[in-house]
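Engineer: just coords:
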């Protein structure tokens, strides 16, 4: 029983130490929040939560959506397709192709399972 208590105390000290480190380093950062990306993450959490029947993910997705919509004026503007370089266009096309392939594979595996 004493070993469990010692392990719990060590883990608690590590967590507290990490919290202190993150708090100190956060004060030095000047990075702003990308609310548009937060909106996309929240929007993608909703179908995942419905598919997995997990209400916690649904609530988290709705919170992300709410926070990002309340800060709509601070959304970062991204480049339009015409303003991208050739390498940026190729990268985006590759990411879209991989996403579509993963979507098709996921739907196929879902229907094969049921």
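Structural biologist: Yes, it's here. Model, not experiment: these values are computed from the prediction.
Engineer: ok, which stretches of this protein are helices?
Structural biologist: If you assign secondary structure with DSSP state H, the helices in the chain sit at 2-28, 35-52, 55-70, 86-113.
Engineer: which one, of those, ends up nearest to residue 78?
Structural biologist: helix 35-52 (7.5 Å; CB to CB). C-beta: built from backbone N, CA, C; applies to glycine.
Engineer: ok, for residue 75, nearest residue in space, not its chain neighbours?
Structural biologist: In space, residue 75 comes closest to residue 36 once its chain neighbours are excluded; the distance is 4.3 Å by CB to CB, 6 or more residues apart in numbering.
Engineer: what's the burial count for the one you found?
Structural biologist: Residue 36 has 16 neighbouring residues, counting by other CB atoms under 10 Å.
Engineer: now it: how far from residue 95?
Structural biologist: 17 Å (CB to CB, to the nearest Å).
Engineer: just checking, the residue nearest to residue 75 touches residue 76?
Structural biologist: Yes - judged on CB atoms under 8 Å, residue 36 makes contact with residue 76 at a distance of 5.8 Å.
Engineer: would you list the helices of the chain in TSV and tack on distance to residue 80?
Structural biologist: Formatted as TSV, these follow (distance: least, CB to CB, whole Å):
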stretch	distance to residue 80
helix 2-28	33
helix 35-52	14
helix 55-70	21
helix 86-113	11
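Engineer: now those helices as a markdown table including mean pLDDT?
Structural biologist: Formatted as a markdown table, the helices of the chain follow (pLDDT from 0 to 100):
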| stretch | mean pLDDT |
| --- | --- |
| helix 2-28 | 82 |
| helix 35-52 | 89 |
| helix 55-70 | 92 |
| helix 86-113 | 90 |
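Engineer: find me the pLDDT at residue 1, would you?
Structural biologist: Residue 1 is assigned a pLDDT of 64 by the prediction.
Engineer: run the chain-centre distance for stretch 74-82.
Structural biologist: Stretch 74-82 sits 19 Å away from the centroid of its parent chain (CA atoms, centre = their mean, to the nearest Å).
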